[in-house]
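Participant: how does the following fold in three dimensions:
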Amino acid sequence: MKHYLALSILVTTIACGNTKNIGKRPDFTPIADTNEIYAMNASPAKPDVRAAGQKQASLWHAGPTSLLGDRRAGTLGDLLTIVIEINEKAEISNSTSASRSGSETLSVPSLFGVPQAVDRALPDGASSENAVDITSGGSSSGDGSVKRNEKLTLRLAATVTGVLSNGHLKIEGSQEVRVNFELRELLVTGFVRPEDISRQNEITYDKIASARISYGGRGQISRMQQPRKGQQFLDIILPF
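Facilitator: This next block holds a predicted model:
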């Protein structure tokens, strides 16, 4: 009885976890406690260049808002645009083949008359002329191929969440777009060099070290594409 009760509680718990989103759109990830918000709040305030006596309409000051100022990200809390354009194709094919054959024959036609004496004791049709005759053979072959084709074009804004001792920048970016009951998520993290950032304050994904790019989603369609939890559990424990 205790086992049935425990099983019922487990099934009910799993069912409640799956039914809480029925009829609801997937929620956005809260941004109140993210690393991006922390970096922006921890960054020093930008100096007001007009406080030094410059005219309000002057274009010739040293700040990043100047017409000729450097708007590239470089300090904690700055923003930059990440350009992701992945168009890759890979094909790998392997083929192996091996074969082996062997043959061994041992014949004793005459040895002090012993084979003849043995032949007389053997049944009709049997002979010790070819005492041992062994033949073996084996072969194996294998083929394998991998084919991948990926294409992804995206742009998103990332935040400088850290400045390393060598001047490199740690960046993190996230983007969520909800359409009806499906939420598309894009996450990017990594490290960049300030000199790789273009004058347009953009950097391509291939210049991001330790890049981690995740593109996926959650919602009704994504949930239907995943096997049930019970099926996944049985796939793990069943030996066949």
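Participant: identify the residue spatially nearest to the residue nearest to the spatial centre of the chain, adjacent ones excluded.
Facilitator: With distances taken as Cα atoms, centre = their mean, the chain has Ser214 as the residue nearest its mean C-alpha position (8.2 Å). In space, and not counting its chain neighbours, Ser214 is closest to Leu187: 4.2 Å by Cβ to Cβ, 6 or more residues apart in numbering. Glycine gets a C-beta too; all of them are placed from N, C-alpha and C.
Participant: tell me the pLDDT of the one you found.
Facilitator: Looking at Leu187, its pLDDT stands at 94.
Participant: same check on Ala51?
Facilitator: 50.
Participant: do the same with Glu176
Facilitator: 92.
Participant: element containing the residue nearest to Ser214, please.
Facilitator: strand 182-192 (DSSP states H and E).
Participant: buried residues in that strand?
Facilitator: Neighbour-count burial for strand 182-192, counted by 16 or more other Cβ atoms under 10 Å, picks out 182-190, 192.
Participant: neighbouring strands - and their directions - for it?
Facilitator: Strand pairing for strand 182-192, using DSSP bridges, gives strand 169-179 (antiparallel), strand 209-219 (antiparallel).
Participant: contacts for it next, please.
Facilitator: 25-26, 28-29, 82, 84, 154, 156, 158, 164, 168-178, 203, 205, 207-222 (Cβ atoms under 8 Å, 6 or more residues apart in numbering).
Participant: rerun at 7 Å
Facilitator: Residues outside strand 182-192 that contact it (Cβ atoms under 7 Å, 6 or more residues apart in numbering): 26, 82, 154, 156, 158, 168-177, 203, 207-222.
Participant: point out where this structure drops to low pLDDT.
Facilitator: Low-confidence segments of the chain, defined by pLDDT under 70, are located at 1-23, 44-69, 106-113, 125-132, 240.
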